[in-house]
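Enquirer: what follows is a predicted protein model with its sequence.
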Amino acid sequence: MKLLMPQLAFCILGLCFVLAAQAQTCRSLIASGNPQYPPYLWQSPRDEARLIGANAELMEWLADEIGVPIETRHIGNWARVQEEARAGRVDLIAGAFFTLPRTEYLDYAHPPFRDTRSVVIVREAKRITFKRWEDLVPLKGLTVVNNSLGQAFDKFAADSLSMTKVSNLEKGLQMLELGRGDYLVYEDSPAEAFIARMGIKGLRLLQPPVAQEQLYIAISHRSACNTPELRGAIARAMSKLRQTKLMLTFVERAVQTWRLQQQEPAKPQ
């Protein structure tokens, strides 16, 4: 027994060093998300390195709840954000649908914080009847690269639809306006916000939605802060958020901010 005591003490000391190192590496968190996602997230016109919107305000609230500062950064387009999270250079994704492929590099914090709807967007001049997914099969569609529309629709689209992937929502709307696709599939609130900002006329959003999905906070597997304690703290905060319905307030404020920004004069080039 006496021989084991030094080894035990050494192991305990080593564990303390590991825990101390982990604590030192988790003094703050970097969050990001889809930068073309109003009213949830978009690039700040006053600080291009920062994202603002309802989900950014959610990150500020979450930082207070878990006691760890969170910086919501503009990293790049949605595909780039997901790659940075895969590599561990982004700790949190502030708003992502659940898909099985993403669980290879993300932990999802339950419960989700927002329900969303994805819809088919078409030109008014092109008469398209949409009642079910199969109605899209003979048409040419547009979608944003790495943007999930829910697992079920993603699989149907991969198996049955002809869809061109574009780099971002703005590009997709431009191509739709020019007739380089019969329809675009995207979430309704961000699509309406960009259509208004771009001044595009003659587009309409069809009903019913192709998918109704939930938004989650997701934590990178490779984040130095991804511990059971952090995941538990975020889960408790998300439960509190749903009970208090604070997200509705964040979204309402973000909608007003977006509208006011569209009324501001453009910066001189």
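Expert: Cool, got the structure. Numbering: from 1, shown residues only.
Enquirer: unless I'm mixing things up, I219 is touching I234, no?
Expert: Yes. Contact criterion CB atoms under 8 Å: I219 and I234 qualify, at 7.2 Å. In this view, the C-beta of every residue, glycine as well, is placed from N, C-alpha and C.
Enquirer: report the rounded mean pLDDT for the helix or strand hosting A56.
Expert: Per DSSP states H and E: A56 is located in helix 54-66. Averaging pLDDT along helix 54-66 yields 97.
Enquirer: that older thread, what sits in contact with each of I219 and I234?
Expert: Residues within reach of I219 and of I234 at once, by CB atoms under 8 Å, 6 or more residues apart in numbering, are A109.
Enquirer: so between the two, which is more surrounded?
Expert: I219 (25 against 22; other CB atoms under 10 Å).
Enquirer: quick one: what helix or strand has the closest residue to the more buried one other than its chain neighbours in it?
Expert: Spatially, and ignoring its direct neighbours in sequence, I219 is nearest to D107 (4.6 Å; CB to CB, 6 or more residues apart in numbering). Secondary structure assignment for D107, by DSSP H and E: strand 106-123.
Enquirer: now that strand against helix 54-66, angle please.
Expert: Going by axes from the mean of the first three to the mean of the last three CA atoms, to 10 degrees, strand 106-123 is angled at 160 degrees with respect to helix 54-66.
Enquirer: using PDB, list the CA coordinates for strand 106-123.
Expert: Below are the C-alpha coordinates for strand 106-123, written out as PDB (Å, rounded to 0.1, in the frame of the first residue of the first chain):
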ATOM      1  CA  LEU A 106     -21.000  19.300 -33.200                       C
ATOM      2  CA  ASP A 107     -22.800  18.700 -29.900                       C
ATOM      3  CA  TYR A 108     -26.300  20.100 -29.900                       C
ATOM      4  CA  ALA A 109     -27.600  21.900 -26.800                       C
ATOM      5  CA  HIS A 110     -31.100  20.900 -25.900                       C
ATOM      6  CA  PRO A 111     -33.700  22.200 -25.900                       C
ATOM      7  CA  PRO A 112     -33.800  24.200 -29.200                       C
ATOM      8  CA  PHE A 113     -34.400  27.900 -29.000                       C
ATOM      9  CA  ARG A 114     -36.500  28.700 -32.100                       C
ATOM     10  CA  ASP A 115     -38.800  27.100 -34.600                       C
ATOM     11  CA  THR A 116     -38.300  28.000 -38.300                       C
ATOM     12  CA  ARG A 117     -40.000  27.400 -41.600                       C
ATOM     13  CA  SER A 118     -38.300  26.800 -45.000                       C
ATOM     14  CA  VAL A 119     -40.300  27.700 -48.100                       C
ATOM     15  CA  VAL A 120     -40.200  27.600 -51.900                       C
ATOM     16  CA  ILE A 121     -39.600  31.000 -53.500                       C
ATOM     17  CA  VAL A 122     -40.600  31.500 -57.100                       C
ATOM     18  CA  ARG A 123     -41.000  34.300 -59.700                       C
END
